[in-house]
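Q: A predicted structure for the sequence below; I have some questions about it.
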Amino acid sequence: LSDTHGMHRSIQNLPDADVLFHTGDFTNRGSNAELADFNDWIGLVQNKFKHVVVIAGNHEWSLGGLSVSAARRLVAPSYMKSAVSNATVLVHETLEIFGDDGFPPLRVFGSSWDPWQLPADPDSHHNALHQISGCPSQRFNELPENCDVLLTHGPPANILDCVGGRYRWGSSH
């Protein structure tokens, strides 16, 4: 799932599966109430899955009007992990799942970093996130080589990455 923007409770009849992945934008503004509602919903559906794995999207990082110190607390990996405690939240890290009965584990790497989090970004709160967090301007070079599943919020370059009919936001990395 991705980009449910607070509409997760409208999703009906999720099939039982081994894993549910949500790759971000499960809220509209990243408010505490929206995060709590998403976490509560995950708690209701998690019994259908062996694993629920989540990464944040750009809508989860609402920095408008926050002080720099408050914004730094917000972008700390522990913040999203505690807010969405009914799932495993990946913040530019690897999770190994399964791997029993003589089979190697499935290595899932999840990153909420997006290529549009650059200083030239017209979307100012993403630019603020990039500057406040101290995040490097390019993070996909940090991907592990032995990754089986890659979770990102942004698409690859030129594959479903056109926004508004004229902007391409995909990453070439």
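A: Yep, it's here.
Q: Which secondary structure element of the chain has the lowest mean pLDDT?
A: helix 124-133 (a mean of 50; mean pLDDT, DSSP states H and E).
Q: could you point out the longest helix in this protein?
A: Secondary structure assigned by DSSP state H gives helix 32-45 as the longest helix of the chain.
Q: Residue 45 touches residue 14, doesn't it?
A: Yes - if you go by CB atoms under 8 Å, residue 45 and residue 14 touch, sitting 5.8 Å apart. Heads up, the C-betas are built off the backbone N, CA and C, glycines and all.
Q: Looking at these two, which has the bigger crowd around it?
A: Taking other CB atoms under 10 Å, residue 45 and residue 14 do not tie; residue 45 has more neighbours (15 against 12).
Q: Next, count neighbours for residue 113.
A: If we define neighbours as other CB under 10 Å, then residue 113 has 24 of them.
Q: quick revisit: what packs against the helix or strand just after the longest helix of the chain?
A: Downstream of helix 32-45, the next assigned helix or strand under DSSP states H and E is strand 49-54. Here strand 49-54 touches strand 17-22, helix 32-45, strand 88-89, strand 93-98, strand 105-111, going by 3 or more CB pairs under 8 Å, 6 or more residues apart in numbering; DSSP states H and E.
Q: what residues does strand 49-54 touch?
A: Strand 49-54 has contacts (CB atoms under 8 Å, 6 or more residues apart in numbering) with 16-22, 24, 26, 42, 45-46, 84, 86-90, 95, 97-98, 108, 110, 151.
Q: Pull out the buried members of these.
A: 20-22, 24, 26, 42, 84, 86-90, 95, 97, 108, 110, 151 (16 or more other CB atoms under 10 Å).
Q: okay but residue 27 is in contact with residue 36, surely?
A: No - in this structure, residue 27 is not within contact of residue 36 by CB under 8 Å, at 10.0 Å.
Q: Settle it for me: which of the two has more neighbours?
A: residue 27 (24 against 12).
Q: which residues sit in contact with the more buried one?
A: Contacts of residue 27 by CB under 8 Å, 6+ apart are 5-6, 34-35, 38, 59-60.
Q: If we use 7 Å, what do you get?
A: Each residue near residue 27 by CB atoms under 7 Å, 6 or more residues apart in numbering is listed here: 6, 34-35, 38, 59-60.
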